[in-house]
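A.B. asks: sequence plus predicted model, see below.
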Amino acid sequence: MSLCDSGPRCPELDGVSATPTLESSPCSAHLQQPGFAETKCSILKLAMASEKTFYLETFGCQMNAHDSEKVIGTLLHEGYRQVDVEEDAGLILYNTCSIRDKAEQKVFNRLNDYKKLHKAGKRFGVLGCVAQQEGEKIFDRAPYVSLVSGSASYRKLPEMLSRLEAGENRITGLDDRQTDETFETELTSRQNPYRGYITIIEGCDKFCAYCVVPYTRGKERSRGSASVLAEARRIADQGYTEIQLLGQNVNSYRDPEGKLSFAELLAAVGQVPGIRRVRFTTSHPRDFTPDIVQAIDAYPTLCDHVHLPVQSGSSRVLKMMSREYTYEWYLERISWIKAARRKISLSTDIIVGFPGETPDDFIKTMDLLQEVQYDCVFGFKYSGRPNTPALTMIDSVPEAEKVKRLQLVLDRQREIQRVNYARHLGEEMEVMVEGMNPARGQVAGRSTQNKPVNFTTSVPIAPAPGSYMRVKITNTFPNSLVGEAV
Ligand code: 5AD
Ligand code: SF4
């Protein structure tokens, strides 16, 4: 749940969209021609029957959305064609997320819904975090699934696809924490029209007590800076002006070539010709260093926004969560960011109702919100996840109390954002266009601070996604700004 129209990890807006279905019924026209039906048309039909098609649906975070871009690119390279409905596909893939709630149950329910499609000869694959988490159990619960692969095994996709095409079943890619390799590919099929993603670090070694990620995405491994910069240049050559560097803990980046620190890599990406905006998510407080703020101050292309998940305002709870920092440590990093010459916008993640969180601990989280004055907060009720240490703790906060605490967080944050956003009234700012809202007759865009800006323009043609406009802010809401192009 978030108080932001779309935050740093909101997949709905960044969603991986499917390519349009190509014309698939040429036969009726050909049948007009005498003698055509039995010969050429049956050849065509055969070719179409053997055509490799896939449908891919993505759930979860921006890492997953970008993984899907790489998976799509790999499949296209292997001769598959992407379709936008399950019914048209030979291979149906789900790229899953298991970060919260009963994610795995939702995937099984979904697979169950599509049982009938299996009877129509379709093959199924489960990718991503639920695949890694549930492993071969998926075959037992959903025997019509042929492929189960976690993200740490995507580099083996071509091989897994050939086995699938050869008719094999129960194919697994479950490298888990064994691999040191990252999934680097030049085949990425970029689906976002205005933002180019680059994963610079995969996996996680932090093992926060509540979190499945270290078990589902494998161990922490960084990509070489030369390869990251080469991808940044390729993205710029393709016409993108905004790059988002991705990693579960993006600022834990350690260049395997030993050339660049994370802050230096940020600066280098920010200097790639043609790049106007660089974002990065998600930062971990433990590895947040002052040179990151110095880089933002020094390079105008680095956006005025840091997402720094705190999870709780109580040092006692942070300790139980194994976050490896205290309230004071976190606030020191916030003070560095606030001391920057540029006004850097702050956002965070909060978990309420972690096992053992008392009313007093919760008040500390509410006080932290007041202290930091974030521009955006993603709030979550704690949910026990498989394999995590917190699962062995007593889930002591009743569901109704979790709901209440979450609502209090969101209410407090709404008031903070109302004031924060109102400060922009009358300001003129650069906005990157993301799309149109035809119902409201507004262009939808985003400021460097990651704030949604909806604006009108007198230009009759809709501005292209990825273009920039100067906008004067004429109205403000707790989640968005409204303005007019100048
Ligand atoms: N329960 C609730 N929230 C969680 N998150 C991660 N694991 C859990 C969990 N088990 C939240 C954290 C993290 C964000 C991506 O999801 O706030 O920063
Ligand atoms: Fe999960 Fe903690 Fe790793 Fe973030 S740092 S992915 S919350 S274990």
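C.D. replies: On my side now, so go ahead. Ligands and ions are numbered 1, 2, ... in the order given.
A.B. asks: so residue 278: helix, strand or coil?
C.D. replies: Following DSSP: H, G, I helix; E, B strand; the rest coil, the label given to residue 278 is strand.
A.B. asks: what bridges to it?
C.D. replies: residue 243, residue 302 (DSSP bridges).
A.B. asks: which parts of the stretch 51-200 of the chain are strands?
C.D. replies: In order along the chain, the stretch 51-200 of the chain carries the following strands (DSSP state E, counting those that start in this stretch): 53-58, 81-82, 91-96, 123-128, 145-149, 171-173, 196-202.
A.B. asks: which elements pack onto the fourth one?
C.D. replies: So the one you mean is strand 123-128. Strand 123-128 sits against helix 62-77, strand 91-96, helix 103-113, strand 145-149, with contacts defined as 3 or more CB pairs under 8 Å, 6 or more residues apart in numbering; DSSP states H and E. Any C-beta I mention is one placed from the backbone N, CA and C, and that applies to glycine too.
A.B. asks: so which residues on the stretch 251-400 of the chain come close to ligand 2?
C.D. replies: Residues of the stretch 251-400 of the chain lying near ligand 2 by CB under 6 Å from any ligand atom: residue 284.
A.B. asks: and the residue of the stretch 251-400 of the chain closest to ligand 2?
C.D. replies: Among the residues of the stretch 251-400 of the chain, residue 284 lies nearest to ligand 2; the distance is 5.3 Å by CB to the nearest ligand atom.
A.B. asks: against residue 114, how distant is the spatially closest residue to that residue that is not a sequence neighbour?
C.D. replies: The shortest distance from residue 284 to any non-neighbouring residue, by CB to CB, 6 or more residues apart in numbering, is to residue 249 (4.2 Å). Residue 249 sits 35 Å away from residue 114, going by CB to CB, to the nearest Å.
A.B. asks: who's more crowded, the two?
C.D. replies: Neighbour comparison, residue 249 and residue 114: the larger count goes to residue 249, with 22 against 17 (by other CB atoms under 10 Å).
A.B. asks: can you give me the strands in the stretch 301-450 of the chain?
C.D. replies: Listed from the start of the chain, the stretch 301-450 of the chain has strands (DSSP E, counting those that start in this stretch) covering 305-307, 345-352, 376-381, 428-437, 442-446.
A.B. asks: ok, residues contacting the shortest one?
C.D. replies: Contacts made with strand 305-307 from outside it, assessed by CB atoms under 8 Å, 6 or more residues apart in numbering, are listed as 7-9, 279, 281-283, 292, 296, 337, 344-349, 448-450.
A.B. asks: likewise the second one?
C.D. replies: Counting contacts by CB under 8 Å, 6+ apart, the residues outside strand 345-352 that touch it are 4, 7-8, 210, 304-312, 321, 334, 337, 362, 365, 369, 372-382, 397, 402, 405-406, 409, 449-451.
A.B. asks: coming back round to it: in CSV: the strands of the stretch 301-450 of the chain, plus mean neighbour count and distance to ligand 1.
C.D. replies: Compiled in CSV, those are given as follows (neighbours: other CB atoms under 10 Å; distance: least, CB to the nearest ligand atom, whole Å):
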stretch, mean neighbour count, distance to ligand 1
strand 305-307, 24, 9
strand 345-352, 23, 3
strand 376-381, 22, 4
strand 428-437, 18, 22
strand 442-446, 23, 20
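A.B. asks: out of those strands, nearest to residue 131?
C.D. replies: Taking CB to CB as the measure, the strands of the stretch 301-450 of the chain were each checked against residue 131, and strand 376-381 came out nearest at 22.4 Å.
A.B. asks: which neighbouring elements make contact with that closest one?
C.D. replies: Using 3+ CB pairs under 8 Å, 6+ apart as the contact definition, the elements that strand 376-381 packs against are strand 345-352, helix 399-422.
A.B. asks: if you set the cut-off to 10 Å instead, what comes out?
C.D. replies: Contact partners of strand 376-381 among helices and strands, from 3 or more CB pairs under 10 Å, 6 or more residues apart in numbering; DSSP states H and E: strand 305-307, strand 345-352, helix 359-372, helix 399-422.
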